[in-house]
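# Fold the stuff below for me.
(3 chains)
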Amino acid sequence: MSITMTDAAAARVTAFLQKRGKGVGLRLGTRTSGCSGLSYMIEFVDSPQEGDHVFEDHGIKVFVDPKSFLYLDGTELDYAKEGLSEGFKFHNPNVKNSCGCGESFHV
Amino acid sequence: MDGVMDNPFERFGIAPIFDIDEPHLAETFRRLQRVVHPDRHAGGSEQERQRSVEQAAAVNEAFRTLRDPVRRARCLLALRGVDTQEGVRTFRDPVFLMDQMELRARLEEAREAPDPLGLLSEVKEVLQKRRVALIGEVSGFLRQDTPESLGQAAERVRRLGFFERIAEEANLLEERLTDCLPRGGMD
Amino acid sequence: MALLQIVEPGQTTAPHQHRLAVGIDLGTTNSLVATVRSGVAETLPDATGSHLLPSVVRYFADQAPIVGQEARDHAGEDPLNTIASIKRLMGRGRCDVRRTGNHLPYAFAGCEEGMAILKTAAGEVSPVEVSAEVLKVLKERAESALGGELVGVVITVPAYFDDAQRQATKDAAYLAGLKVLRLLNEPTAAAVAYGLDRGSEGIHAIYDLGGGTFDISILHLHQGVFEVMSTGGDSALGGDDMDHAVAEWILAESGIAPSADQQRVRQVIEMARIAKERLTVDEAVPLRLDLPDGTVWTETLHRSTFDALIDPLIARTLHACQRALRDADVTASEVKNVVLVGGATRVPRVRKKVADLFGHEPISDLDPDRVVALGAAIQANILVGNKPDDEMLLLDVIPLSLGIETMGGLVEKVIPRNTTIPVARSQDFTTFKDGQSAMVIRVLQGERELVRDCRSLARFELRGIPPLVAGAARIRVTFQVDADGLLNVSAQELSTGIRSSVQVKPSYGLTEAEIERMLRDSMDHAREDVDARNLREQQVDADRVLDSLAHALVADAALLSQSERVVIDEAVAELASVRRGTDHRAIHAAREHLERVSQAFAARRMNRSIQQVLTGHRLTEFSEGQ
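Here you go, the predicted structure:
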């Protein structure tokens, strides 16, 4: 039972939190929508919600609501550059297929 | 536009008196703009954005009237039904007229003087003194709020108008002298 | 696989509906695009890792234009078709061009009235079209970096740009297929990038000397509100002029006639630019030039010589600073910080002179080339609604007075310079002949008293004045300047209440028909489908309206009666349904319908917010025991 981060992701999150100047950590979650069922979300956290699972990796607190956790357990958050684009990527062992755009997936 | 019938005091939710709380006025201005400014309605419909431009313009206009003592006094007199008759009534007070002529003469002198900027700043200092004194009187007359005192206030506002015009000329001259008339658009 | 960004709490959108927004610094020499990703503003590089896009466009007879470094590299070989520094011609007329003509080697098409047109191998092009080419490249760069269509952009303009120059910039964005959320003044954008709102209350000066424009803005910062007190500058003064001053010196010293061929002049200007850049570090630079007679000219340019060459230019900027201070009614010592922006502020002499004027060392922590784009990106991110709690508000001013022509070729000011925008002012006119049904009003921008010394923005023809005896009609003309600094005019006859129609003839701008034609031409060129573009535009607009209404309905449902709510919900459902189709006209109609039925709701929300401000204010007044 865990959520982890690559070194690259942790370095970026730390930098972003610092620049933002406030926030207690990061929220990872899923929402039901998109072309293939579920989609990911990453948000800054100013105040945790009741029932959140809390993980700590590389000194960063990660908050996940219980429902999302069902789909995210074992996920590793990565940061990558692809062509001109750069951003976060979910390595999620629960995913069976995704829509190809990477924003939504099926479990 | 509702600009003409607009009462700036009402728009800022403050009592129509001359001696207002200036920091409070500025604070209300910022808070109103946070609500009405077009940047707060960038996602809205065409009509909503147009309304926001009109509202923001009206708030700016009201603030301009309220923050400047002379405009504020003119507005208060108008609200009380007193016409300041600026540009209509002439002055018979010889002392005031002499003072005017002298200040204008000194401005003319400055044009040719060896130290024009020094002379100019002297004139501006005199103008500022006159202005402060007159505003003090206006404040007093408006506080008395009798038909007679309002008439007196209107008369002082007329005088302030004269000094404002001289001050404008002084500023224009200063710009000429420092060779910084805007070259905007012309080169 | 798309890469994700961290968003503000609660701001996660549905997939493929990110509110992607960028800030664009459309510069004289270089242009940049920036965005906010995971809360941080950053400029976006091209595939080779270069952030700056040279604002240079090279035209060909038989192929699409090339933009950027490659175009700049070949400027020497093909000077007439390689257009640089086009920003200097934006919103300019033929006469303006003649005045600056000695610096611009292009061929101009003969067109006595109206805007400057350039003759190139690809035919006649307007400065608006040239700028649109630069913007298109930045748009493509941003869309491939962000992985989607842009919802909107903030484009920066010099604070000192007049109405015609601003309108030209907006037209260029439209041609490039960009939705402009706001034209933002460059110094204000820089202040935002510096985060001057946080913990630096007080008065600040932004000194922005770019490639071809100079701006000075005096700002008052208070609790997240950036209030511009005054602005000044010169929209034709910048680092380029330093290059030209040095180039003229090289021509004189080397004995080359200034009338030498264009290619050689370009070569000398390029040499001057490199010398200027090296002199920011070195005390002297060696110069070497092959002369036409086969001999070689060599010379050393010392920094002291360079300083003497550019001092007159710096003096002009300092005059503008003093004037801005006077307009703001503050002294140099009251200014808490002076921020340097623009590549030309790297010149040590500039830094020294500015420090002398304000009495303390200026700040330049952020890259002066990028800071404007970064500020624009921060503002764009807020305007598309990605940061709803942000308190930041930018209150700018009109840089040059607006006036109208009166008897005898004189200008009567209607809105003086440094008036906070948006602003609306009215002026009444009357007829001078019995039964007169139309009149012409000329609008000017500038500070001088004579019409011929000001910029003629437009002529307005008022029609439909009711037939009355001379002097009986009273036509109230309202001049409105929006937050972009753009002028709008409306007119009404007061005695009868008839709204006169206003027909605008911009003196240097493009008419709507011309813009539409250019748009069609450019699409033929790119084989892009007009319908496809219309559809995308309508979809983006529909999403924007649905998105903002959804938020409003969550926040303020209580302001609607049940029956009103039903009408709005139906219109929302209708728009959402046609949005999924491909009929752009249907989407347009459904959006307009939704906007109509929700208009009262929007008005109520605004009034309620105003009331909240005012009642909150009264409460504090009472609690202070007045």
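
# Quick check, residue B:100 in contact with residue B:165.
No - Residue B:100 lies out of contact with residue B:165 (Cβ atoms under 8 Å); the separation is 9.7 Å. Glycine gets a C-beta too; all of them are placed from N, C-alpha and C.

# Remind me what the worst-scoring helix or strand of chain B on mean pLDDT packs against, helices and strands.
Lowest mean confidence among the helices and strands of chain B (mean pLDDT, DSSP states H and E): helix B:94-112, at a mean of 84. Here helix B:94-112 touches helix B:116-144, helix B:147-177, going by 3 or more Cβ pairs under 8 Å, 6 or more residues apart in numbering or on different chains; DSSP states H and E.

# now for the first one, which elements pack on it?
In this case it means helix B:116-144. Partner elements for helix B:116-144 (3+ Cβ pairs under 8 Å, 6+ apart): helix B:69-79, helix B:94-112, helix B:147-177.

# again with the last one
Helices and strands touching helix B:147-177, as assessed by 3+ Cβ pairs under 8 Å, 6+ apart, comprise helix B:69-79, helix B:94-112, helix B:116-144, helix C:303-328.

# ranking these by mean pLDDT, which is last?
For the helices and strands packed on helix B:147-177, mean pLDDT drops lowest on helix B:94-112, to a mean of 84.

# if we can go back for a sec, would CSV of the helices and strands packed on helix B:94-112 with distance to residue A:6 and mean neighbour count be doable?
Output for the helices and strands packed on helix B:94-112, formatted as CSV (distance: least, Cβ to Cβ, whole Å; neighbours: other Cβ atoms under 10 Å in any protein chain shown):
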stretch, distance to residue A:6, mean neighbour count
helix B:116-144, 66, 16
helix B:147-177, 62, 17
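
# Quick check: which of these is nearest to residue C:294?
helix B:147-177 (52.6 Å; Cβ to Cβ).

# what's the angle from that closest one to helix B:116-144?
Counting by axes from the mean of the first three to the mean of the last three Cα atoms, to 10 degrees, helix B:147-177 lies at 160 degrees to helix B:116-144.

# what is the rounded mean pLDDT of helix B:147-177?
Rounded mean pLDDT across helix B:147-177 is 87.

# could you point out the longest helix in chain A?
helix A:7-20 (DSSP state H).

# quick one: contacts of it?
The contact list for helix A:7-20 (Cβ atoms under 8 Å, 6 or more residues apart in numbering or on different chains) reads A:5, A:23, A:25-26, A:44, A:57-60, A:77-80, A:88, C:6, C:38-40.

# Same check on stretch B:108-122?
B:106, B:107, B:123, B:170, B:173, B:174, B:177, B:178.

# try it again with 10 Å
B:106, B:107, B:123, B:169, B:170, B:171, B:173, B:174, B:176, B:177, B:178 (Cβ atoms under 10 Å, 6 or more residues apart in numbering or on different chains).

# Skipping adjacent residues, who's closest to the fourth one in space?
What that stands for is residue B:169. Spatial nearest neighbour of residue B:169, excluding adjacent residues (Cβ to Cβ, 6 or more residues apart in numbering or on different chains): residue B:107 at 6.1 Å.

# Next: the first one.
Leaving aside its chain neighbours, residue B:106 sits nearest to residue B:123 (5.2 Å; criterion: Cβ to Cβ, 6+ apart).

# State the three-state secondary structure for the most centrally placed residue in chain A.
Nearest to the mean C-alpha position of chain A, by Cα atoms, centre = their mean, lies residue A:28 at 3.7 Å. Under the three-state scheme (DSSP: H, G, I helix; E, B strand; the rest coil), residue A:28 adopts strand.

# pretty sure it is touching residue A:2, no?
No - between residue A:28 and residue A:2 there is no contact under Cβ atoms under 10 Å: 12.0 Å.

# Please name the residues that touch residue A:52.
Going by Cβ under 10 Å, 6+ apart, the list of residues near residue A:52 reads A:25, A:27, A:29, A:45, A:61, A:62, A:63, A:64, A:65, A:66, A:68, A:69.

# how near is residue C:341 to chain A?
21 Å (Cβ to the nearest Cβ, to the nearest Å).

# Count the residues that sit near that residue.
31 (other Cβ atoms under 10 Å in any protein chain shown).

# Let me see the contact set for it.
C:186-187, C:189-191, C:193-194, C:206-210, C:215, C:217, C:362-364, C:366-372, C:375.

# Buried ones among those residues?
C:186-187, C:189-191, C:193-194, C:206-210, C:215, C:217, C:362, C:364, C:366, C:368-372, C:375 (16 or more other Cβ atoms under 10 Å in any protein chain shown).

# Which residue is the nearest non-sequential neighbour of the residue nearest to the centre of chain A?
Counting by Cβ to Cβ, 6+ apart, the residue nearest residue A:28 is residue A:64, at 5.4 Å.

# shouldn't that neighbour be in contact with residue A:54?
Yes - judged on Cβ under 10 Å, residue A:64 makes contact with residue A:54 at a distance of 8.0 Å.

# Give the rounded mean pLDDT of stretch C:211-224.
pLDDT averaged over stretch C:211-224 gives 91.

# Now do the buried residues in that stretch.
C:211, C:212, C:213, C:214, C:215, C:216, C:217, C:218, C:219, C:220, C:221.

# Looking at the residues you listed, which are in strands?
C:214, C:215, C:216, C:217, C:218, C:219, C:220, C:221 (DSSP state E).

# Out of the residues you listed, which is nearest to chain A?
Using Cβ to the nearest Cβ, residue C:221 comes nearest to chain A of these, at 17.1 Å.

# Any idea what the closest one is bridged to?
residue C:202, residue C:226 (DSSP bridges).

# which stretches of chain A form helices?
Under DSSP H, chain A gives helices at A:7-20, A:66-72.

# that older thread, quick one: mean pLDDT over the longest helix of chain A.
What helix A:7-20 shows for mean pLDDT is 88.

# Would you pull up how far that helix lies from the middle of the chain?
13 Å (Cα atoms, centre = their mean, to the nearest Å).

# Could you export it as CSV, CA atoms only?
The C-alpha trace of helix A:7-20 is given here as CSV (Å, rounded to 0.1, in the frame of the first residue of the first chain):
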residue,chain,number,x,y,z
ASP,A,7,13.6,11.5,-8.0
ALA,A,8,12.8,13.7,-11.0
ALA,A,9,9.2,14.1,-9.9
ALA,A,10,10.1,14.8,-6.3
ALA,A,11,12.6,17.5,-7.3
ARG,A,12,10.0,19.3,-9.4
VAL,A,13,7.2,19.0,-6.8
THR,A,14,9.6,20.5,-4.2
ALA,A,15,10.5,23.3,-6.5
PHE,A,16,6.9,24.1,-7.4
LEU,A,17,5.7,24.1,-3.8
GLN,A,18,8.5,26.4,-2.9
LYS,A,19,7.7,28.8,-5.7
ARG,A,20,4.1,28.8,-4.8
